[in-house]
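Colleague: Can you look at this prediction? I've put the sequence above it.
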Amino acid sequence: MTFFDNLQILIVIIVLSVIAFKALYLRFTTGINPIVIGRGKGPWRIVEILSLGSLGLWMTELLLHSLHSQYDIFPQAINVAFMRTGPVRIVGVVLTSVGLFTFILAFLSFGNSWRIGIDRQRPGTLVTEGIFSITRNPIYLAFDLIFIGVFLVNVTWFFMIFGLLAVVACHFQIRREEEFLRRQYGQDFEEYCSRTARYLVW
């Protein structure tokens with residue numbers, strides 16, 4: 001396996017470990033179940049479940065691809081060959097590393113307010129400190145960087161199409177969460193929006 005393969009395996013391990021640790025920590029210290037995805041009603045419930053399943057598919061393909069498994073869901077034969085160069089892969093490593101660092105900082109800043117999904121029953125407090133003072137959506141920003149970076153490292157049609165769809169899906173989920181936060185926190189959230197970018201730029 002190459003450096004790129006090991007890096008991507010490490011990314012999956014770190015992301016899953018951070019999520020699992022945070023979920024268990026909140027569950028046992030506060031009694032809060034932070035995984036509330038799919039609890040809503042209507043079409044968004046199905047969209048949330050499908051999104052989580054798609055993320056699982058992405059991680060599975062990333063692991064199989066990095067391990068050069070014969071059971072790779074989308075084989076290397078569909079690589080986007082014209083982009084598979086050393087400099088492109090290095091840019092991918094940089095974006096992926098920045099995304100992973102942002103992801104970890106977000107979890108450190110989130111405190112007890114972290115959730116997967118929109119928690120209408122026990123939403124927690126509005127977090128505006130730490131990395132949240134730079135971007136209102138550090139976890140989504142982190143995933144965007146990781147999705148794009150992984151595509152540039154592997155340069156396959158699967159990672160390209162998934163990355164583009166995931167970035168669009170994250171944006172719509174951000175807008176949906178903003179509506180909830182605006183109703184939940186009112187003027188506090190409006191003031192937060194006025195001084196902090198949705199991503200990194202106004």
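Modeller: Looks like it came in fine. Residues are numbered from 1 along each chain as shown.
Colleague: And the pLDDT at the spatially most central residue of the chain?
Modeller: Centroid-nearest residue in the chain, with CA atoms, centre = their mean: F143, separated by 3.2 Å. Here the pLDDT value assigned to F143 is 95.
Colleague: Pull the residues that contact the host helix or strand of I49.
Modeller: Using DSSP states H and E, I49 maps to helix 43-66. Residues from elsewhere that reach helix 43-66 (CB atoms under 8 Å, 6 or more residues apart in numbering): 1, 4-6, 8-9, 11-12, 15-16, 37-40, 69, 71-74, 76, 116-117, 147, 150, 154, 156, 158-159, 162, 166, 169, 173, 176. Glycine gets a C-beta too; all of them are placed from N, C-alpha and C.
Colleague: any idea how far the nearest residue in space to G163 that is not next to it in sequence lies from H68?
Modeller: Spatial nearest neighbour of G163, chain neighbours left out: F147 (4.0 Å); criterion: CB to CB, 6 or more residues apart in numbering. As judged by CB to CB, to the nearest Å, F147 and H68 stand 21 Å apart.
Colleague: do V15 as well
Modeller: 21 Å.
Colleague: Among the two, which residue is more densely surrounded?
Modeller: V15 (19 against 11; other CB atoms under 10 Å).
Colleague: Now do the contacts for that one.
Modeller: 59, 100, 103, 146.
Colleague: Among those, name the buried ones.
Modeller: If you count burial by 16 or more other CB atoms under 10 Å, the buried members of those come out as 100, 103, 146.
Colleague: So which of the residues you listed sit within helices?
Modeller: Among the buried ones among the contacts of V15, the subset assigned to helices under DSSP state H consists of 100, 103, 146.
Colleague: Please report how far the closest residue to the last one other than its chain neighbours lies from L52.
Modeller: I take that to be I146. Nearest non-adjacent residue to I146, counting by CB to CB, 6+ apart: G99, 3.9 Å away. G99 sits at a distance of 19 Å from L52 (criterion: CB to CB).
Colleague: ditto for F158
Modeller: 18 Å.
Colleague: More neighbours: which of those two?
Modeller: Counted by other CB under 10 Å, F158 and L52 do not tie: F158 has more neighbours, with 21 against 15.
Colleague: Would you agree the more buried one is in contact with D72?
Modeller: No. Proximity of F158 to D72 does not meet the contact threshold set by CB atoms under 8 Å, at 9.8 Å.
Colleague: how about a markdown table for the buried ones among the contacts of V15, with distance to L200 and pLDDT added?
Modeller: Output for the buried ones among the contacts of V15, formatted as a markdown table (distance: CB to CB, whole Å; pLDDT from 0 to 100):
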| residue | distance to L200 | pLDDT |
| --- | --- | --- |
| L100 | 16 | 96 |
| F103 | 15 | 95 |
| I146 | 15 | 97 |
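Colleague: Okay, S51 and V153: tell me how far apart.
Modeller: 23 Å.
Colleague: With neighbour numbers in mind, choose between the two.
Modeller: V153 (28 against 19).
Colleague: Now do the one helix or strand that one maps to: distance to the chain's middle.
Modeller: Assigned by DSSP H and E, V153 belongs to helix 138-154. Between the centre of helix 138-154 and the centre of its chain there are 8 Å (CA atoms, centre = their mean, to the nearest Å).
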